[in-house]
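Undergrad: Predicted structure and sequence below. I'll ask about it afterward.
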Amino acid sequence: MPRRISRDARPARQGGHFVSPPATGAKKAVTPPRHGLARVLSKAGVCSRSEAARRVLAGRVGVDGRVVRDPEFPVVAGRQRITLDGQPIAAVRRLYVALNKPRGLVTSVRDEQGRDTVYRCFDGADMPWLAPVGRLDKASEGLLFFSNDPEWAARLTDPATGPLKTYRVQIDGAPDAAQLARMHEGIEDAGEHLAAHSVVVLRASERTAWLEIVLDEGRNRHIRRLLQVLGFEVLRLVRVAIGPVALGGLAKGQWRELDAEELGALTAHSSGPDANS
């Protein structure tokens, strides 16, 4: 008895010839992603993306033996030989650093006005390139992270995944219950909604008060603008914790590496965005 062939399994007729149908379950070849050369250098922890673009434009970067001057030149990381000043770029050790930022320093790699930046705190340290993870304005102080891991930094500063941030804030007055409620409910300023996740009065006198303010969202100069609308001037602002990592006894202007336990805790406790206060 002849074996019956299902319709789907029969060869298809095309142009007078029989063509077998494609084999089911065949795996398609996966094309590795290509990224711009400057981005690849930054992802490798060599330098910032903008600095990488400058080095590419200056003719300092080569791909597979030839100089490339286009920062957006597509390359496959790990598949092509990339050199900087003739030397192959090596996988830089990922570094995660906590700094107690002093007041008066600008959170920037370089400042157009010539002001001192937070990088002054790293003078003399043999460290790879690091970028600030979030910001603290010139008049603010306290805990600030640095890293050469762009993906980790992006998770911490993303509004959907960043951890809560805790601040101790001294103001020129003592808020009443209604003002505390407004801080929590939020106010509108310059088209933005500014609110605190929580506010607690730590101590107060007739002239000043110390508040503990926790943010779960981040806006430029968030705390200062929120308090100014309510009629208070910020006298001092110190970030004392980012997620579960506290400033602790780290001296002003000093830094230390985050340990594995702290890095794991930061990932586990991610719940809100970066805040630039």
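TA: That came through, no problem. The model shown is predicted, which means the values in this text are computed figures rather than measured ones.

Undergrad: Helices along this protein, start to end?
TA: Counting by DSSP state H, the segments of the chain that form helices are 37-43, 49-57, 150-157, 177-185, 222-229, 260-268.

Undergrad: and the ones you listed, which is most packed in?
TA: Between the helices of the chain, the one whose residues have the most neighbours on average, counting mean count of other Cβ atoms under 10 Å, is helix 37-43 (a mean of 22). Yep, even glycine has a C-beta here, placed from its N, CA and C like the rest.

Undergrad: List the neighbours of that helix that are in contact with it.
TA: Surrounding helix 37-43, the residues in contact under the criterion Cβ atoms under 8 Å, 6 or more residues apart in numbering are 35, 47-49, 52-53, 55-56, 61, 63, 68, 70-75, 77, 82, 84, 89, 150-151.

Undergrad: Break this structure into its domains for me.
TA: Structural domains of the chain, as assigned by automatic domain parsing, span the residue ranges 35-88, 96-268.

Undergrad: Including mean pLDDT, could the ones you listed go into CSV?
TA: As requested, those are arranged in CSV below (pLDDT from 0 to 100):
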stretch, mean pLDDT
domain 35-88, 90
domain 96-268, 94
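
Undergrad: In TSV, list the helices of the chain along with distance to residue 142.
TA: Supplementary listing: the helices of the chain in TSV, determined by distance: least, Cβ to Cβ, whole Å:
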stretch	distance to residue 142
helix 37-43	27
helix 49-57	26
helix 150-157	16
helix 177-185	19
helix 222-229	12
helix 260-268	16
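
Undergrad: Name the stretch from the ones you listed that approaches residue 168 most closely.
TA: Nearest to residue 168, of all those, is helix 222-229, at 10.7 Å by Cβ to Cβ.

Undergrad: Now do that closest one: which elements does it pack against?
TA: The contact analysis (3 or more Cβ pairs under 8 Å, 6 or more residues apart in numbering; DSSP states H and E) places helix 222-229 against strand 165-171, strand 187-189, strand 192-194, strand 209-215, strand 234-242.
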